[in-house]
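Trainee: Below are the sequence and a predicted model; questions follow.
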Amino acid sequence: MSHFLRVLCLAAALSGPAMAQQTDIRFGGLQQDTTLPVEVTSDSLSVDQASGAALFTGNVTAKQGDMRLTAGTIRVEYAANGAGIDKLIATEGVTLVSPTDAAEASEAVYTIASGAVVMTGNVLLTQGAAAISGDRLTVNLTDGTGTMTGQVRTIFTPGGAP
């Protein structure tokens, strides 16, 4: 575990309720080039031309570079001008995985242009041996930073090399 994450976990654990409501997090493994293509696979697909959306259901996986988003359902909303994907809205057992980090939640909204992923509902983030949970996780894939808010709880193992 990185020295920064150890210090962050210790500060969150020792600071009491006021600071424990928001925790800033570094996501080196979730930093992503948001201009890469997004590949989506699923058991089925339905398209609504009127709303400009596609609904992927059953064992859905969306991949972009080294990042993988899985869920029971992912709704793809296309940009109003028809120039690509605007956002992905994932529900039903959502997992976001990179080579070094993993997060689970009830729902995730990935806005492609901004590179923002907002995960809500019983969020659990694991980074190596550390785990952080809360109500809402906001990740900026462009710079690899994030914030966990709402009833933040951190579990870590003290000791070892920094």
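Mentor: Right, received. Where do you want to start?
Trainee: who does residue 41 bridge with?
Mentor: According to DSSP bridges, residue 61 are recorded as the beta-bridge partners of residue 41.
Trainee: Flag every buried residue along the host helix or strand of residue 146.
Mentor: In the assignment (DSSP states H and E), residue 146 maps to strand 145-149. Neighbour-count burial for strand 145-149, counted by 16 or more other C-beta atoms under 10 Å, picks out 145, 146, 148, 149. C-beta here means a position set from N, CA and C on the backbone, and glycine is covered the same way.
Trainee: Which pLDDT value belongs to the last one?
Mentor: Put plainly, it is residue 149. At residue 149, the model reports a pLDDT of 93.
Trainee: wait, doesn't it sit right on residue 136?
Mentor: Yes - Residue 149 lies in contact with residue 136 (C-beta atoms under 8 Å); the separation is 4.9 Å.
Trainee: Show me the shaky parts of this structure.
Mentor: Screening the chain residue by residue with the criterion pLDDT under 70, one finds the ranges 1-32, 156-157, 159-162.
Trainee: Check which helices and strands the strand or helix carrying residue 137 is in contact with.
Mentor: Here residue 137, judged by DSSP H and E, is contained in strand 130-140. Other elements packing on strand 130-140 under the criterion 3 or more C-beta pairs under 8 Å, 6 or more residues apart in numbering; DSSP states H and E are helix 3-14, strand 22-26, strand 101-111, strand 116-127, strand 145-149, strand 153-155.
Trainee: Good, we can wrap up now.
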